[in-house]
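Asker: structure for this input, please:
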Amino acid sequence: MKKNISLGIIIIFIGILWLLSNLNIFTFSIGSFFLALRSLWPLILVGIGLSILLKEKDIVKSIVWLIIFLVILLYAFFGINNGYSTKYGYRNPNSYTENHNYDLTKKAETEQGRLTLNFGAGEIRLSSTDDNLLQLKSNIPDLNYDHRLEDNDRQVAIDISKQEYVFNTMYDHMFCYLDLHEDVTWEMNLKLGAAKADLNLTDLIVSKLDLDVGAADLKLSLGDKSSLGEINLNAGASNLDIYLPKDAGLRIKLDTALSSNNLESLGLVKKDDFFESPDFETKSNKYILTVKMGVGNLKFHLI
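Answerer: Below is the predicted model of the structure:
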């Protein structure tokens, strides 16, 4: 009987969610749950392994399976149900909000920029422009946007946020597209939840990037315009592709749990608790990367 407790609770949960969705209390597709399961299926192997180790501890095993179920459920809620899928793409949107469009003209004095972005779910694209200081396009409802110039217009601080997540949303595909001026030195603090993110920073001067992502499908591309860029990446259950300039000096520190990576293929030298390019100190273009990651896949690419 005890062995069926967790399975019974899971079936009850799915039935309740399906019922509430049919009653239009909130928007949730049972198909989203199975798409999430197809993405996070390695968690099932983790559960089986823990069940073998725990042997006769039925209560603890039930708790483990309930936690795994909740992780998959949350991923379905905040990711795939809102239009995000790491493998199967986006659904065509049924409806959009009126697009937000912000264009911030660059002043000749502006040399440095700080971007703070807090975004729960959807699609993020970040790239460069040689026109405006900032170009933004988004269909996120109630998007908060603010900017301020400091130090006689030498510095600009830009804040963009959408922290609240509404379950009863009719927007199938929320997006935020950003272009930043390529002649400004940027410091960025990005917090992304269940997002599909393409951060193309190859033509940007990046002094610092703090990036927190949840269940994300992330592509991060760095260029050769930064003399020294500090990259701090903290990820949950994610698929990460990091593109690095092949002639840059690299110093990489990894703190990963159940994740795979190809760091050894970069030809770096092990020093203490990090890996470094043999000629790191002599390079004019350098990156110091610290990557903390839970479950997922991490790949480095040299371009």
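
Asker: contacts only, for Asn262.
Answerer: Residues near Asn262 by CB atoms under 8 Å, 6 or more residues apart in numbering: Leu298, Lys299, Phe300. Bear in mind the C-beta positions are built from the backbone N, C-alpha and C, glycine included.

Asker: any chance of a markdown table for those residues, columns distance to Leu178, pLDDT and neighbour count?
Answerer: Formatted as a markdown table, these follow (distance: CB to CB, whole Å; pLDDT from 0 to 100; neighbours: other CB atoms under 10 Å):
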| residue | distance to Leu178 | pLDDT | neighbour count |
| --- | --- | --- | --- |
| Leu298 | 24 | 90 | 21 |
| Lys299 | 24 | 92 | 14 |
| Phe300 | 24 | 95 | 20 |
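
Asker: what lines up beside the host helix or strand of Lys219 in the sheet?
Answerer: Per DSSP states H and E: Lys219 is located in strand 217-222. Sheet pairing for strand 217-222, assigned by DSSP bridges, gives strand 185-201 (parallel), strand 238-244 (parallel).

Asker: just the C-alpha atoms of it, please, in PDB.
Answerer: Coordinates of the C-alpha atoms in strand 217-222 are reproduced here as PDB (Å, rounded to 0.1, in the frame of the first residue of the first chain):
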ATOM      1  CA  ASP A 217      17.200  27.400 -22.900                       C
ATOM      2  CA  LEU A 218      20.100  29.900 -23.100                       C
ATOM      3  CA  LYS A 219      22.500  31.000 -25.800                       C
ATOM      4  CA  LEU A 220      25.100  33.400 -24.700                       C
ATOM      5  CA  SER A 221      27.600  34.800 -27.200                       C
ATOM      6  CA  LEU A 222      30.600  37.000 -26.100                       C
END
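
Asker: next SSE after it?
Answerer: strand 228-235.

Asker: re the thing from before, reformat the strands paired with strand 217-222 as TSV; add mean pLDDT, distance to His100 and mean neighbour count.
Answerer: As requested, the strands paired with strand 217-222 are exported to TSV (pLDDT from 0 to 100; distance: least, CB to CB, whole Å; neighbours: other CB atoms under 10 Å):
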stretch	mean pLDDT	distance to His100	mean neighbour count
strand 185-201	92	17	22
strand 238-244	91	27	20
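
Asker: export those to JSON lines and tack on distance to Pro42?
Answerer: Putting the strands paired with strand 217-222 into JSON lines (distance: least, CB to CB, whole Å) gives the following:
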{"stretch": "strand 185-201", "distance to Pro42": "18"}
{"stretch": "strand 238-244", "distance to Pro42": "12"}
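
Asker: what's the closest of those strands to Ser51?
Answerer: strand 238-244 (25.3 Å; CB to CB).

Asker: ok, and what's touching that closest one?
Answerer: In contact with strand 238-244 (CB under 8 Å, 6+ apart) are residues 86, 202, 213-222, 233, 250, 266, 287, 289, 291, 293-294, 296-303.

Asker: drop anything exposed from those.
Answerer: Among those, those classed as buried by 16 or more other CB atoms under 10 Å are 86, 202, 213-222, 233, 250, 287, 289, 291, 293-294, 296, 298, 300.

Asker: following element in sequence after the helix or strand that Gly113 is a member of, please.
Answerer: Gly113 belongs to strand 112-129 when elements are defined using DSSP H and E. As assigned by DSSP H and E, the chain's next helix or strand after strand 112-129 is strand 134-138.

Asker: CA atoms only for that following strand, dumped as CSV, please.
Answerer: Provided in CSV are the C-alpha atoms of strand 134-138 (Å, rounded to 0.1, in the frame of the first residue of the first chain):
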residue,chain,number,x,y,z
LEU,A,134,18.5,51.5,-26.2
GLN,A,135,15.8,50.0,-28.5
LEU,A,136,13.1,47.8,-26.8
LYS,A,137,10.1,46.0,-28.2
SER,A,138,7.9,43.8,-26.0
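
Asker: now the angle from it to strand 112-129?
Answerer: Using axes from the mean of the first three to the mean of the last three CA atoms, to 10 degrees, the direction of strand 134-138 lies 60 degrees away from that of strand 112-129.

Asker: report the buried residues of strand 134-138.
Answerer: For strand 134-138, by 16+ other CB under 10 Å, it's Leu134, Gln135, Leu136, Ser138.

Asker: who are the packing partners of that strand?
Answerer: On a contact count with 3 or more CB pairs under 8 Å, 6 or more residues apart in numbering; DSSP states H and E, strand 134-138 meets strand 100-104, strand 175-181.

Asker: next structured bit after that strand?
Answerer: Scanning onward from strand 134-138 (DSSP H and E), the first element met is strand 144-150.

Asker: residues touching Leu180, list them.
Answerer: Gly113, Leu115, Leu126, Ser127, Ser128, Thr129, Leu133, Leu134, Trp186, Leu204.
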